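# Fold the following, please.
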Amino acid sequence: MTYPVISLFSGAMGLDLGLEAAGLEIKVAQDIDPWCQKTAIANDKNYLLGDIKNLIEEDPTCSFLLNQANLEAEEVFAVVGGPPCQAFSTAGKRESINDPRGSLFMEFAHVIRTVRPRFFVMENVKGLTSVSVVKPPKDKKKEDYTPEEMPGSALKVIIETFKDIGYKLEFGVVDAVHYGVPQFRERLIIVGSRDDEDIFLPTPTHFQKHQNPDYRWRTLGEVISDLEEEQGICGTFSEERINYLKHVPMGGNWRSLPIELQEAAMGGAFKSGGGKTGFYRRLDYNQPSPTLVTSPTQKATLLCHPTKNRPLSVREYARIQQFPDNWIIEGEADDVYRQIGNAVPIGLGKAIGQVLISVAEQNAQVKTKRLRGTSVHKSLQQVATAKEVQII
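I've put the predicted structure just below:
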């Protein structure tokens, strides 16, 4: 049995590769980023370049997707994707208006409504669970918030939209580290079922402590230690930053600096609030990686190699996100870091794909049993009728 999938906002296809590893088939992928299209073409993938908003305006029936995928509406097993989420991310400044109804989420929902796939999967940042549609004034008391100012109101709009389309939902935040990914990476996952099937979020398979080593968290050292001397394409740190990093041991950050250097190293951030754990952070081979960002050289989210005074390289980034070593990623260094950093880890994508197939196969088995039961019942009726005829 085949499981054809349409992928939207596909980026460098991390989620797609995970789904394919589970047994699904990506019939077409789409994104507005030309570098992502070049990456897909370099890897022989069917990729549609374009702004989804414009594509839908030109063709509301979504035949531009169905034709390229060679599918009819309702034949699609799943539509998957992560609508751009910058406004919802805690990594940057949240906009004062975060209403999903004015974002590309509505284009994603339009495709679901039009194509009517059996399942859909939407992934996004964890921050979406707490963001409000409208940011309330700083001096306003929480008890006086309007419904649209309440934390989580943006997610509520999204959930209600999918329910109005007619899909049964399961949603929650999962961490990729629990699915064999050597990285802490929390993502909001929403799974929808058109046919009211018993969907669920993927069950964790890896744990910090487990009696079987195969089921423990994967560490950074497991996946990149063999690349220590093979730097390849890599960002750079300033000489000043390197001089500070020389004082930071594996697993440390700015707090590991000598006291007399900390304020000079941190500048204005020294007296600011927050944990500031990303400043002058040197990674630890014995732990999973922190969440990869779109650049490992930014001061507040720095990702320094465990033993070298350099950022993680492009190849190390790809290993942490579980891209195959032969997966080609096109572009200059900044373009490649961005594509990899924005991707869904392949192990998480695989776990999601396994959920969809598990639900589909379980329902297929139930239908088969029902059909067999019906056939047996009809056979018994025929035998009974034949006996009655003979008696007569």
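# Please, where are all the strands along the stretch 101-250 of the chain?
Assigned strands in the stretch 101-250 of the chain, in chain order: 119-125, 168-175, 186-193 (criterion: DSSP state E, counting those that start in this stretch).
# what does the first one rub up against?
Under the contact criterion CB atoms under 8 Å, 6 or more residues apart in numbering, strand 119-125 has outside partners 15, 77-83, 85, 88-90, 108, 112, 158, 162, 167, 187-194, 199, 344, 352, 356, 359. The C-beta positions use only the backbone N, C-alpha and C, and glycine is treated the same way.
# rerun that using 6 Å as the cut-off
The contact list for strand 119-125, computed with CB atoms under 6 Å, 6 or more residues apart in numbering, reads 78-80, 82, 85, 88-89, 112, 187-193, 344, 352, 356.
# And stretch 213-223, by the same measure?
Outside stretch 213-223, the residues that touch it by CB under 6 Å, 6+ apart are 177, 180, 182, 206, 208, 210, 283, 285-289, 319.
# Buried only: go through those residues for me.
The neighbour-count test (16 or more other CB atoms under 10 Å) marks 177, 180, 182, 206, 283, 285, 287, 288, 289, 319 as buried among those.
# want to throw the contacts of stretch 213-223 into JSON lines with distance to residue 27 and pLDDT?
Listed next are the contacts of stretch 213-223 as JSON lines, based on distance: CB to CB, whole Å; pLDDT from 0 to 100:
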{"residue": "177", "distance to residue 27": "30", "pLDDT": "98"}
{"residue": "180", "distance to residue 27": "26", "pLDDT": "98"}
{"residue": "182", "distance to residue 27": "30", "pLDDT": "98"}
{"residue": "206", "distance to residue 27": "30", "pLDDT": "98"}
{"residue": "208", "distance to residue 27": "38", "pLDDT": "97"}
{"residue": "210", "distance to residue 27": "37", "pLDDT": "97"}
{"residue": "283", "distance to residue 27": "38", "pLDDT": "98"}
{"residue": "285", "distance to residue 27": "40", "pLDDT": "98"}
{"residue": "286", "distance to residue 27": "41", "pLDDT": "97"}
{"residue": "287", "distance to residue 27": "38", "pLDDT": "98"}
{"residue": "288", "distance to residue 27": "33", "pLDDT": "98"}
{"residue": "289", "distance to residue 27": "32", "pLDDT": "98"}
{"residue": "319", "distance to residue 27": "28", "pLDDT": "98"}
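# Identify, from the residues you listed, the entry nearest to residue 32.
Ranked by distance to residue 32 (CB to CB), the contacts of stretch 213-223 are led by residue 319 at 27.0 Å.
# Double-check that closest one against residue 224; I have them as touching.
Yes. Using CB atoms under 6 Å, residue 319 is in contact with residue 224, at 5.2 Å.
# ok, for residue 39, nearest residue in space, not its chain neighbours?
Of all residues not flanking residue 39 in the chain, residue 330 sits nearest, at 4.7 Å (CB to CB, 6 or more residues apart in numbering).
# again, but for residue 307
With CB to CB, 6+ apart, the residue lying closest to residue 307 is residue 228, at 6.5 Å.
# likewise residue 31?
residue 10 (5.0 Å).
# Tell me the pLDDT of the one you found.
As predicted, residue 10 sits at a pLDDT of 97.
# For it, give me its contacts.
16, 29, 30, 31.
# tell me which element the first one is part of?
So that's residue 16. Using DSSP states H and E, residue 16 sits in helix 14-22.
# Compute the inter-axis angle for that helix and strand 186-193.
Relative orientation of helix 14-22 versus strand 186-193 (axes from the mean of the first three to the mean of the last three CA atoms, to 10 degrees): 60 degrees.
# what comes up buried for helix 14-22?
Within helix 14-22, the residues that count as buried by 16+ other CB under 10 Å are 14, 15, 16, 17, 18, 19, 20, 21, 22.
# strands paired with the next helix-or-strand element following it, and their directions?
Counting by DSSP H and E, the element after helix 14-22 in chain order, helix or strand, is strand 25-31. Applying DSSP bridges, strand 25-31 is found paired with strand 4-8 (parallel), strand 47-49 (parallel).
# between the ones you listed, which one is nearest to residue 335?
strand 47-49 (14.8 Å).
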